[in-house]
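Trainee: with the sequence up front, the predicted model follows.
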Amino acid sequence: MDILDVLIIGGGPIGLACGIEAKKAGLTYVIVEKGCLVNSLYHYPQNMTFFSTSEKLEIGGVPFVSISPKPGRDEALEYYRRVALKFELNIRLFETVESVQKEQCFEIQTSKTKYKAKNIIISSGFYDLPNTMDIPGEDLPKVSHYYQDPHFYAMQNVLVVGASNSSVDAALETFRKGAKVTMVIRDAEINQRVKYWVRPDVINRIKEGSIKAYFHASLTAIRHDEVDIQTEDGLVTIPNDFVLALTGYKPNFKLLQNFGIKLSDDARMLPEHHPETMESNQKGIYLAGVVCGGMDTHLWFIENSRDHAPKIINDIKAKQPLD
C-alpha cells in the first residue's frame with residue numbers, strides 16, 4: 001500500500017481547497033467524503049442565498065460567476081463541481097472514516113478500504129450533527145432538524161425553533177407558501193447575525209401578526225397533533241403538523257477525540273491547533289475550515305477559512321525531508 005503525503009477528510013469547499021493546494025505542491029493525496037460532493041451545501045435549503053459574495057467563495061483561483069452578487073445554493077453546487085473536475089481532484093465519495101491508528105504513519109480505515117498517510121487534514125465541517133433539544137417527541141417523523149423546500153409545508157401548522165438565518169428563512173418561506181407559522185425563540189429578539197436584508201422582513205411579519213413568535217420561550221414536548229411551549233406567561237399548547245427544529249449544528253467531536261485532538265474544557269469545545277500552521281496537538285494532524293471553531297460555528301466560513309489550505313500545505317512541505 002502506497003503511503004500518501006496527506007489524507008483529507010471532508011469534501012466540502014475547504015477540503016477541496018486543501019486538495020488543490022496539495023496537487024499544486026506535488027503531494028500525493030486523497031479526499032475522503034462520507035456523502036456527495038460538497039455534501040453540506042447539498043443539504044442546504046433549496047432557496048438559500050449565501051451571505052458572502054461569489055468572489056469570496058472562490059477556491060483554486062477559479063472565478064465564481066453568479067447571476068446576483070450573492071449566489072444561491074444551486075450556483076455553489078455547480079461551481080464547486082466544476083472546480084473539482086477542472087483540477088481532476090482525487091476524491092472518494094460516500095466513504096466514511098471509521099478509525100485511525102498511528103504506527104510509523106497514520107493508518108485510516110474507512111467504510112470501503114484502508115489508507116496510509118504521513119499527514120491528515122480534518123475538514124469535516126459541522127452541518128451533519130444537529131443540536132438536539134432532548135425533549136419528548138423529538139424523534140417523531142414530523143420533526144426535522146433540516147429544512148429544504150417550503151412547498152411541502154403548504155397549509156400546515158408549522159413550528160420553527162430558533163432565530164438564526166436558517167430559522168428565519170424557513171419561517172418566511174413556509175409562511176409565504178400558506179403555512180400557519182409559529183416561532184419559538186430562546187432569546188429576546190431575532191438574532192443580530194441574521195442576513196441584513198432578511199431580518200427586517202421577519203420582524204415586520206411578527207409585528208403585524210402574520211407569524212406568531214414566542215420570545216424567551218422553549219419547546220418542551222411534541223405530540224402527533226400538538227406541541228407544548230414554555231413561555232414567560234406559562235405553558236402554551238398549540239395545534240401542530242410539523243416541527244422544524246433548526247437549533248444549530250456541531251462538529252463531529254467524537255471523530256476529533258478519536259484522533260486524539262484536545263478540546264477546550266469549556267462549553268466552546270475548541271479543538272487545539274496552531275493558528276499559523278493549523279496543526280493540532282497531534283503531530284501531522286491538521287484542522288481546516290469551520291471545524292476549528294468547535295461549538296462557535298459562526299467563527300469560520302468559506303470566505304475566511306480558504307487560507308487554511310495554503311497554510312497547511314506549506315507547513316507539510318516545509319517538514320518534508322530534502323531529497
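Mentor: Yep, that arrived. Residues are numbered from 1 along each chain as shown.
Trainee: for Thr297, which non-adjacent residue is closest in space?
Mentor: Phe126 (5.1 Å; CB to CB, 6 or more residues apart in numbering). Backbone N, C-alpha and C define where each C-beta goes, glycine included.
Trainee: would you map the helices across the protein?
Mentor: Under the criterion DSSP state H, the chain contains helices at 13-24, 39-42, 73-86, 165-175, 199-208, 253-258, 302-305, 308-319.
Trainee: any chance of the ones you listed in a markdown table, plus mean pLDDT, distance to Val6 and mean neighbour count?
Mentor: Below are those laid out as a markdown table (pLDDT from 0 to 100; distance: least, CB to CB, whole Å; neighbours: other CB atoms under 10 Å):
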| stretch | mean pLDDT | distance to Val6 | mean neighbour count |
| --- | --- | --- | --- |
| helix 13-24 | 98 | 6 | 25 |
| helix 39-42 | 90 | 20 | 19 |
| helix 73-86 | 97 | 17 | 17 |
| helix 165-175 | 95 | 33 | 23 |
| helix 199-208 | 97 | 41 | 15 |
| helix 253-258 | 90 | 17 | 15 |
| helix 302-305 | 91 | 17 | 18 |
| helix 308-319 | 96 | 6 | 19 |
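Trainee: adding distance to Ser111 as columns, could you present the ones you listed in CSV?
Mentor: Formatted as CSV, the helices of the chain follow (distance: least, CB to CB, whole Å):
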stretch, distance to Ser111
helix 13-24, 17
helix 39-42, 14
helix 73-86, 21
helix 165-175, 29
helix 199-208, 41
helix 253-258, 14
helix 302-305, 27
helix 308-319, 25
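Trainee: ok, which of these comes nearest His151?
Mentor: Closest to His151 of these, according to CB to CB: helix 165-175, at 9.0 Å.
Trainee: from Ser40, how far off is Phe184?
Mentor: Heads up, residue 184 is Val, not Phe. Taking CB to CB, to the nearest Å as the measure, Val184 falls 25 Å from Ser40.
Trainee: once you drop chain neighbours, what's closest to Lys23?
Mentor: Nearest-residue entry for Lys23: Phe87, 6.1 Å, with adjacent residues in sequence omitted and distances by CB to CB, 6+ apart.
Trainee: spatially central residue in the protein, please.
Mentor: For the chain, the residue nearest the mean C-alpha position is Tyr127 (3.0 Å; CA atoms, centre = their mean).
Trainee: how close does that one sit to Gln320?
Mentor: 33 Å.
Trainee: again with Cys18
Mentor: 16 Å.
Trainee: report the longest strand in the chain, please.
Mentor: Using DSSP state E to define each element, the chain has its longest strand at strand 114-122.
Trainee: check the offset of that strand from the chain's centre.
Mentor: In terms of CA atoms, centre = their mean, to the nearest Å, the gap separating the centre of strand 114-122 from the centre of its chain is 22 Å.
Trainee: same deal with stretch 180-193?
Mentor: 21 Å.
Trainee: buried residues in it?
Mentor: Of all the residues in stretch 180-193, those buried under the rule 16 or more other CB atoms under 10 Å are 180-185, 190-191.
Trainee: so who does the residue nearest to Gln156 when sequence neighbours are not counted touch?
Mentor: Take Gln156 and drop its neighbours on the chain: the residue closest to it by CB to CB, 6+ apart is Asp241, 4.1 Å away. Taking CB atoms under 8 Å, 6 or more residues apart in numbering, we find Asp241 in contact with 142, 153, 156-158, 225.
Trainee: re the thing from before, and the buried residues of stretch 180-193 as TSV, adding distance to Pro310 and pLDDT?
Mentor: Output for those, formatted as TSV (distance: CB to CB, whole Å; pLDDT from 0 to 100):
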residue	distance to Pro310	pLDDT
Lys180	50	98
Val181	44	98
Thr182	47	98
Met183	42	98
Val184	43	98
Ile185	40	97
Ile190	37	95
Asn191	32	91
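Trainee: could I get these as a markdown table with distance to Ser280?
Mentor: Shown next, in a markdown table, are the buried residues of stretch 180-193 (distance: CB to CB, whole Å):
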| residue | distance to Ser280 |
| --- | --- |
| Lys180 | 48 |
| Val181 | 42 |
| Thr182 | 43 |
| Met183 | 38 |
| Val184 | 37 |
| Ile185 | 36 |
| Ile190 | 36 |
| Asn191 | 30 |
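Trainee: tell me the one of those residues nearest Tyr214?
Mentor: Closest to Tyr214, out of all of those and judged by CB to CB, is Val184, at 5.4 Å.
Trainee: check the contact between that closest one and Ile229; I expect there is one.
Mentor: Yes: taking contacts as CB atoms under 8 Å, Val184 lies within contact range of Ile229: 5.6 Å.
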